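Novice: Take a look and give me a structure for this.
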Amino acid sequence: MSSLTLDAEALYRELLGGVRRLCTAQTRLVGITSGGAWLVQRLRFDMKLDAAPGVISSSMHRDDFAQRGLASGGQTVLPFDVNGAEILILDDVLYTGRTIRAVINELFDYGRPACVKLAVLVDRGGRELPIQADFAAARVSLPPNQSLSLARCDEGAFSFQVKERAPC
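Specialist: Numbers count the residues shown, from 1 in each chain. Take a look at the predicted model:
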């Protein structure tokens, strides 16, 4: 276990401010299952948005689909027309960029948005693809053998979990 301590609630407040700056009246929020979906649910409430946010899964477009199969995290639900939409994708942790690539492929299966932006709670570096967040509440460095993920308690408060990854 790592000694890294991140205050997920404080980072959420930073993310809320960053999302407010990135959004226009036409922006549609889309959260990546599951951490990003939790974020858009709470952002919708805190920003008092009428429009339902979308949820998007990376499962069908992952380059490691053969090894991982379908994740149980949820399916894509986009309750708006993607064509011409301004989309802000939200995720908890940006690492290699492979999930974002898969999500963008999934998004384009539904139409052609006018623009796509990305906001994350934590950018941990380690990119394998040329993908960058438009807003990151924090940037941290973790060894490749550790994973960082968002957790949510029953009351809705956020925290982070740092775990050792099993060797390949």
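
Novice: Pull out the buried positions in the longest helix along the chain.
Specialist: The residue-count maximum for a helix in the chain (DSSP state H) belongs to helix 8-22. Across helix 8-22, burial judged by 16 or more other C-beta atoms under 10 Å covers 8, 11-12, 15-16, 18-19. Every C-beta, even on glycine, is put in place using the N, C-alpha and C of the backbone.

Novice: ok, so of those, who is nearest residue 91?
Specialist: Closest approach between the buried residues of helix 8-22 and residue 91, by C-beta to C-beta: residue 15, at 10.5 Å.

Novice: Assign the nearest residue in space to that closest one that is not next to it in sequence to helix, strand or coil.
Specialist: Spatial nearest neighbour of residue 15, chain neighbours left out: residue 137 (4.5 Å); criterion: C-beta to C-beta, 6 or more residues apart in numbering. When the structure is split into helix, strand and coil by DSSP: H, G, I helix; E, B strand; the rest coil, residue 137 lands in strand.

Novice: Likewise for residue 117?
Specialist: In three-state terms, and counting by three-state DSSP, residue 117 is strand.

Novice: And the closest residue to it other than its chain neighbours, what's its pLDDT?
Specialist: The shortest distance from residue 117 to any residue other than its chain neighbours is 4.4 Å, reached at residue 134 (C-beta to C-beta, 6+ apart). We have a pLDDT of 98 for residue 134.

Novice: next one: residue 33
Specialist: Listed pLDDT for residue 33 reads 92.

Novice: neighbours of it, just the number please.
Specialist: Around residue 33 there are 22 other residues, counting by other C-beta atoms under 10 Å.

Novice: And it, its phi and psi?
Specialist: Torsion angles at residue 33 (phi, psi; degrees, to the nearest 10) stand at phi -60, psi 140.

Novice: Report whether the expected contact of it with residue 55 is present.
Specialist: Yes. At 5.9 Å, residue 33 counts as touching residue 55 under the criterion of C-beta atoms under 8 Å.

Novice: so what's in contact with those two at the same time?
Specialist: Common neighbours of residue 33 and residue 55, using C-beta atoms under 8 Å, 6 or more residues apart in numbering, are 74-75.

Novice: Pull the contacting residues for the closest residue to residue 123 other than its chain neighbours.
Specialist: Sequence neighbours aside, residue 136 is the residue nearest to residue 123 in space, at 3.9 Å (criterion: C-beta to C-beta, 6+ apart). Residues in contact with residue 136, defined by C-beta under 8 Å, 6+ apart, are 94, 119-123.

Novice: ranges for the helices of the chain?
Specialist: Listed in chain order (using DSSP H), the helices of the chain are 8-22, 35-46, 65-68, 98-109.
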